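In: Pasted the sequence and its predicted model underneath.
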Amino acid sequence: MSAYSFYHSYGCSLYFHSCLFSEESDGDTIEFGVDIVHPRLNTLIVFLVSTIVVKLAQHEEELRVQRDRAKVAEEERSTLCARIRSWETVETILRNTV
């Protein structure tokens with residue numbers, strides 16, 4: 001993709017005409033010309049691209065948070081299952097001894 005696809009050039013030309021009035025000149029005209037080209041970033045494209053990048057970054061962050069929450073929930077589930085097994089074991093032992 002070329003750099004021109006992201007930039008639009010806005011230009012203007014300035015021309016100054018000046019007459020020299022002195023004893024040595026014959027009233028000759030001097031023309032000064034300046035061309036100004038200013039590359040301007042197309043803000044619409046930049047806005048759309050930056051919005052998409054921000055949205056993707058937000059979704060990536062949300063997915064990371066959901067993965068972390070799922071990991072914590074799995075750890076809590078395994079802890080609860082271990083507690084239930086230990087209580088069942090204690091209950092079985094107490095039934096046999098009483």
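Out: Thanks, I have the structure now. Numbering: from 1, shown residues only.
In: secondary structure element for residue 67?
Out: Assigned by DSSP states H and E, residue 67 belongs to helix 43-97.
In: State the mean pLDDT of that helix.
Out: Per-residue pLDDT over helix 43-97 has a mean of 83.
In: how does the protein divide into domains?
Out: Split into domains by automatic domain parsing, the chain comes to 1-41, 42-98.
In: and residue 52, how many neighbours?
Out: The tally of other residues near residue 52 (other Cβ atoms under 10 Å) stands at 10. To be clear about C-beta, it is placed using only N, CA and C from the backbone, and glycine gets the same treatment.
In: Same check on residue 81?
Out: By other Cβ under 10 Å, neighbour count at residue 81 equals 10.
In: And it, how far from residue 70?
Out: 16 Å (Cβ to Cβ, to the nearest Å).
In: Number of residues surrounding residue 73?
Out: For residue 73, using other Cβ under 10 Å, the count is 10.
In: That one and residue 95, how far apart?
Out: From residue 73 to residue 95 the distance is 33 Å (Cβ to Cβ).
In: again with residue 83
Out: In terms of Cβ to Cβ, residue 83 sits 19 Å off from residue 95.
In: Next: residue 82.
Out: Distance from residue 82 to residue 95, by Cβ to Cβ: 21 Å.
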